[in-house]
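> Got a predicted structure here, sequence first:
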Amino acid sequence: MRKNIMYNIFVVCMLVMVNVPLMAQQQIYKGQINITSAELRRQDDMLQVRMQIDMANLHVDRDRALTLTPVLSGGEHRVELPFILVNGTMKHKAYARAMAIDKAEVGLELPYGALRAGRDTKTELDYSLAIPYESWMREADLSIVEDLCGCGGHVQEIDEELIVLPSEYIMVPVISFVQPEAELVKTRNEQREVYLDFPVGKTEILPDYMNNRVQLSKIATFLDEIHSDKNLQVTGVDITGYASPEGSVVHNEWLACERAKALKEYLAKRISFPSDVYHVQSGEENWDGLFELVEMSTLKDRRDVMAIIEDIDDVNLRKNKLKSLDHGEVYRKMLTCFYPKLRKVQCLVSYNVRNLSVEEGKELLETNPQYLSLDEMFRIANSYPKGSEEFQKVFEIAVRTYPDDPTANLNAAAIALTRKDTLQARKYLDKARQDVPEYVNNLGVYYMLTGELNKAKSVLTEVSRQGNREAQDNLIEIEKKLKNSR
């Protein structure tokens, strides 16, 4: 008799004798037992194990017992499931007597079912239970250990046979892409900030003063690169000055504007854009910059400083409040650490980009993707085999370059779905264009991949009726999956 062993198993169905149509059969135990169907299926956090076992041809000697123990195994994992006990005539009488008299005392392990050969094995046995699901079970094998033992000097016979499980139908979703609208004129702009130092109250640019030469070199190099790029036509260079907010508002705005004019004159002498390209914007005190610097700092009373900047509209009153914090200590700290960084000039360059061929676009895709329209990127992607790494990479670059564009997000969602990355696909779908059938189809594919087939059918049915071929194909895939699961 088997010893009592602890199983971490929850049996959900008792032994049931049923008649079911025969399916593709697998013979075990010397060909005397047929496994007419077998499946492992995950349901929520449980693994459903089910077999239909035909033992009509099974013969067990009257004084012997056959134990059939289903076993799940994968890698280093092995779990024995509740066993089926088939007794010969005499052995079954002894078993029944032992169960009636000694069960409580000897702690016998209860089988899934105890059958008497011949009488109880004429109809198929439905073996059905559920156990807590673990990740290794995804690739688990199902086998049956056959243990024939008995009295009277019989030799114990043990064998283990692998059960061939039916292959699960794997859906192949059809994913939609949308061709973006072509840009008639590709207008772009880039912004740079220049931090220049001026003697107190002065507006003249002194290249050798403080760190000015480094800053001037950076902005001049930036403009020179744009000026020399044959793909671009510069339409505007807008220069805006900003001043730190100490002193009077009027004087600070004058300083900011005059310093912006000085930078314009400096650049115009060195980079020969047409004279009407340069524009100087009115300067202002850089309160936004101050707020950001304080917010990121460990400045004492920084929350009080932020509240003063946000809540007090009167600029003069705001300045006085800042000066009074902690007897002026906070203000003095800001004058030293923050205010010099607020005296900057912002340079915004606007330009048009010429239309690019597929081959020209490929050369710029990784170095200057902003030069390409989404339509041009789409054509580049489709020059590669659909689904290839090159194909997918183009759409990923597109959504990084235009992160808020609804069409770029829809196509990026399609790439994520191709990779079965449902978490990333959901993020892109939430930002995607939703007024096109391609979005509805891809949302249906998302539900297909997450196993929410009823939701998938619901969203796909409507757009399928409108003639969307991808949705129609996906509905067929869902029906195949559901039929296979029945």
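On my side now, so go ahead.
> I figured residue 234 hits residue 353, correct?
No. Assessed by C-beta atoms under 8 Å, residue 234 is found out of contact with residue 353, at 10.8 Å. Backbone N, C-alpha and C define where each C-beta goes, glycine included.
> Compare the two and say which is more crowded by neighbours.
Comparing residue 234 with residue 353 by other C-beta atoms under 10 Å, the one with more neighbours is residue 353, at 21 against 17.
> bridging residues for the more buried one?
Per DSSP bridges, the residues bridged to residue 353 are residue 186, residue 232.
> Correct me if wrong: it contacts residue 190.
No. Residue 353 lies out of contact with residue 190 (C-beta under 8 Å); the separation is 11.5 Å.
> Helices of the stretch 301-450 of the chain, start to end?
Here the stretch 301-450 of the chain has its helices, by DSSP state H, counting those that start in this stretch, at 302-311, 315-324, 329-337, 339-342, 358-364, 374-381, 389-401, 406-418, 422-430, 437-449.
> do you know how far residue 277 is from residue 312?
From residue 277 over to residue 312 the distance is 39 Å, taken as C-beta to C-beta, to the nearest Å.
> Looking at those two, which is more packed in?
Taking neighbours as other C-beta under 10 Å, residue 277 and residue 312 compare with residue 277 leading, 18 against 15.
> And the pLDDT at the more buried one?
Reported pLDDT at residue 277 in the predicted model: 93.
> Ok, the one 3 residues further on next?
pLDDT recorded at residue 280 is 93.
> what residues are up against it?
Residues in contact with residue 280 (C-beta atoms under 8 Å, 6 or more residues apart in numbering) are 238, 239, 240, 241, 257, 260, 261, 264.
> what do you get if the cut-off is 6 Å, keeping everything else the same?
Residues in contact with residue 280 (C-beta atoms under 6 Å, 6 or more residues apart in numbering) are 239, 260, 261, 264.
> got it, and residue 373?
Here residue 373 is in contact with 183, 186 (criterion: C-beta under 6 Å, 6+ apart).
> What strand or helix carries residue 69?
For residue 69, the host element (DSSP states H and E) is strand 64-74.
> ok, the helix or strand following that strand: who's next to it in the sheet?
From strand 64-74 onward toward the C-terminus, using DSSP H and E, the following helix or strand is strand 77-80. Applying DSSP bridges, strand 77-80 is found paired with strand 64-74 (antiparallel).
> Tell me the buried residues in the partner strand?
Residues 64, 65, 66, 67, 68, 69, 70, 71, 72, 73 are the ones in strand 64-74 that count as buried (16 or more other C-beta atoms under 10 Å).
> With stretch 328-347 instead?
330, 331, 333, 334, 338, 339, 342, 343, 344, 345, 346, 347.
> any idea how far the fifth one is from residue 461?
Think residue 338. 60 Å.
> quick one: the helices in the stretch 151-300 of the chain?
Using DSSP H, counting those that start in this stretch, helices in the stretch 151-300 of the chain cover 212-228, 249-270, 287-295.
> In JSON lines: the ones you listed, plus mean pLDDT.
Formatted as JSON lines, the helices of the stretch 151-300 of the chain follow (pLDDT from 0 to 100):
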{"stretch": "helix 212-228", "mean pLDDT": "93"}
{"stretch": "helix 249-270", "mean pLDDT": "92"}
{"stretch": "helix 287-295", "mean pLDDT": "95"}
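> Quick one: closest of these to residue 147.
Residue 147 lies closest, by C-beta to C-beta, to one member of the helices of the stretch 151-300 of the chain: helix 287-295, at 72.4 Å.
> Show me what that closest one is packed against.
helix 302-311 (3 or more C-beta pairs under 6 Å, 6 or more residues apart in numbering; DSSP states H and E).
> now the helix it packs on, how far from the chain's geometric center?
38 Å (C-alpha atoms, centre = their mean, to the nearest Å).
> Just checking: what are the partner strands of the one helix or strand residue 42 maps to?
Using DSSP H and E, residue 42 maps to strand 33-43. Strand pairing for strand 33-43, determined by DSSP bridges: strand 26-28 (antiparallel), strand 46-54 (antiparallel).
> buried residues in the last one?
Judged by neighbour count (16+ other C-beta under 10 Å), strand 46-54 contains these buried residues: 47, 48, 49, 51, 52, 53, 54.
> what comes into contact with it?
Residues from elsewhere that reach strand 46-54 (C-beta under 6 Å, 6+ apart): 20, 34-41, 124-125, 127-131, 133, 137.
> what about burial for these, which qualify?
Looks like the contacts of strand 46-54 have 34-38, 40, 124-125, 127-131, 133, 137 buried, using 16+ other C-beta under 10 Å.
> if we can go back for a sec, list the contacts of the strand holding residue 42.
So strand 33-43 is contacted by 22-23, 25-27, 48-52, 54-55, 58, 133, 163, 165 (C-beta under 6 Å, 6+ apart).
> right, and the pair among these with maximum separation?
Maximum distance among the contacts of strand 33-43 (C-beta to C-beta): 31.8 Å, for 58 and 133.
> Output the helices of the stretch 151-300 of the chain in TSV; the columns should cover mean neighbour count.
As requested, those are exported to TSV (neighbours: other C-beta atoms under 10 Å):
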stretch	mean neighbour count
helix 212-228	15
helix 249-270	18
helix 287-295	17
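> now stretch 139-152, how far from the chain's geometric center?
For stretch 139-152, the distance to the chain centre is 43 Å (C-alpha atoms, centre = their mean).
> what secondary structure does residue 126 sit in?
strand (DSSP: H, G, I helix; E, B strand; the rest coil).
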